[in-house]
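Novice: quick one, what's the 3D model for this:
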Amino acid sequence: MPESPARRRMKVAWHKNKPKPGKKWHWLKGRAMREVLGKAIKDGVRFEVGDFRYFVKDLELSQWAFSYPRWYDAMEEFYCLAIEAKNESACRSLEFWLDRPALYLHSELMYVGRVFNWDFGDGEEPVRCSSFNSNHQFITVCFEQTSVLPKMPANETIRPHRRIRWSELEQDPGSQP
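Specialist: Next up is the predicted model:
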């Protein structure tokens, strides 16, 4: 199978800069690799399903995506970027690597950071997706801050996070009438 354009672009960027002594080289190469990958996603370059697995294994993505608190968070950032750029092949490649099916709400893909309205029984409130459960059971959301906090009885506290079951989200947007 021929290489995808995204994989070819990343391999060129990886091999273009030969290692030089010192830590600064690592930092500069990491920054360049993140920029090349981000630009490939934004430009709509085609990805194959296994490309992100290749980036992690052979191009040491976990080393050059270190600017995030956890390198895994970089994958969520790249996923958000792929959704915003409407790069479906990048989305499929990331979903395959993350071992996560595409989840939709109102025919739009769900990603960490997405703000949407959700009804927990007291009317719709704006919430932000903060994480996906690795067991494919739920997403965790936190309430968006508003200028007016809800008045709670003295014996209750505000719960900053809530869970939404994956079954309550769409896994195939074509299934909606």
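
Novice: can you give me the strands for the protein?
Specialist: 104-105, 108-109, 115-119, 124-132, 138-143, 161-165 (DSSP state E).

Novice: the second one pairs with which strands?
Specialist: Same thing as strand 108-109. Using DSSP bridges, strand 108-109 pairs in its sheet with strand 104-105 (antiparallel).

Novice: pull the distance from the strand it pairs with to the chain's centre.
Specialist: 15 Å (CA atoms, centre = their mean, to the nearest Å).

Novice: quick one on the thing from earlier: got TSV for the strands of the chain, with mean pLDDT and mean neighbour count too?
Specialist: C-beta here means a position set from N, CA and C on the backbone, and glycine is covered the same way. TSV is the format used below for those (pLDDT from 0 to 100; neighbours: other CB atoms under 10 Å):
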stretch	mean pLDDT	mean neighbour count
strand 104-105	86	18
strand 108-109	88	16
strand 115-119	88	12
strand 124-132	85	16
strand 138-143	84	18
strand 161-165	81	14
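
Novice: where does pLDDT dip in the chain?
Specialist: Along the chain, the parts satisfying pLDDT under 70 run over 1, 17-28, 65-72, 134, 145-160, 171-177.

Novice: minimum distance to E88: which of the strands of the chain has it?
Specialist: Evaluated with CB to CB, the strands of the chain place strand 108-109 nearest to E88, the distance being 9.5 Å.

Novice: just the residues contacting the closest one, thanks.
Specialist: Here strand 108-109 makes contact (CB atoms under 8 Å, 6 or more residues apart in numbering) with 83, 91, 102-103, 114.

Novice: and with 7 Å instead?
Specialist: Contact with strand 108-109 is made by 83, 91, 102, as judged by CB atoms under 7 Å, 6 or more residues apart in numbering.

Novice: run the chain-centre distance for that strand.
Specialist: Offset of strand 108-109 from its chain centre (CA atoms, centre = their mean): 12 Å.

Novice: number the chain from 716, please
Specialist: Yep, numbering from 716; the last one is strand 823-824 now.

Novice: circling back to that earlier point, what's the closest of the strands of the chain to R722?
Specialist: Nearest to R722 among the strands of the chain is strand 823-824; the distance by CB to CB comes to 22.9 Å.

Novice: remind me, longest helix of this protein?
Specialist: Counting by DSSP state H, the longest helix found in the chain is helix 738-757.

Novice: quick one: buried residues of that one?
Specialist: By neighbour count on 16 or more other CB atoms under 10 Å, the buried set for helix 738-757 is 744-745, 748-749, 751-752, 755-756.
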